[in-house]
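Chemist: how would this look folded up:
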Amino acid sequence: MISIKIEDDYTNVAVLGEFTLEDMKELEDHAIYQIRMHGNPSVLLDLRDMLGYTLDVAWEELKFTRTHGREFGRVAVVTDNQWIAWIAWLESLFTDAEIEVFGNYDEALAWVKPVPGPAGPPTANT
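Modeler: I've put the predicted structure just below:
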């Protein structure tokens, strides 16, 4: 099962239980929408409750990353699974997105959300 919430400045994705091909297709649809509407979306991918995934999901993810990997901003992966962390590192080789792995959800959230810029141009004090 997958939960996808579109926030103002990032997409929050949580995988619960088995990550299925249907879940992957749903994630792809949301990601493509975000790319078209906002360009270079950032994603918080919470995999702490993921129990596993099948080979067809891995293959689909690889194809999607090869096609759209350059169209993402930051991708924060939350997991304590070393295999998932290694896969995230490997995928970072095939994309321009900044991918970071976190063991702590709050740290991942702080990293993935954009830092607000200054409210306007600086003013000179006279």
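Chemist: any chance you could map the strands in the chain?
Modeler: 2-6, 11-15, 17-19, 43-46, 50-53, 74-78, 98-102 (DSSP state E).
Chemist: so the second one versus strand 74-78, what angle?
Modeler: Angular relation of strand 11-15 and strand 74-78 on a 0 to 180 degree scale: 30 degrees, by axes from the mean of the first three to the mean of the last three C-alpha atoms, to 10 degrees.
Chemist: kindly export strand 11-15 (C-alpha atoms) in CSV.
Modeler: This file holds the C-alpha atoms of strand 11-15, laid out as CSV (Å, rounded to 0.1, in the frame of the first residue of the first chain):
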residue,chain,number,x,y,z
THR,A,11,5.5,15.2,-2.3
ASN,A,12,5.2,13.0,0.8
VAL,A,13,5.2,9.3,0.0
ALA,A,14,4.9,6.4,2.5
VAL,A,15,5.0,2.7,1.6
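Chemist: and the helices in the chain?
Modeler: Along the chain, counting by DSSP state H, helices occupy 21-38, 55-68, 82-92, 105-112.
Chemist: what's the angle between the helix or strand of the chain with the lowest mean pLDDT and strand 98-102?
Modeler: When each helix and strand of the chain is scored by mean pLDDT, DSSP states H and E, helix 82-92 comes last, with a mean of 82. Angle between the axes of helix 82-92 and strand 98-102 is 170 degrees (criterion: the same axes, to 10 degrees).
Chemist: which strands and helices sit next to helix 82-92?
Modeler: strand 74-78, strand 98-102 (3 or more C-beta pairs under 8 Å, 6 or more residues apart in numbering; DSSP states H and E). No exception for glycine: its C-beta is placed from N, CA and C like everyone else's.
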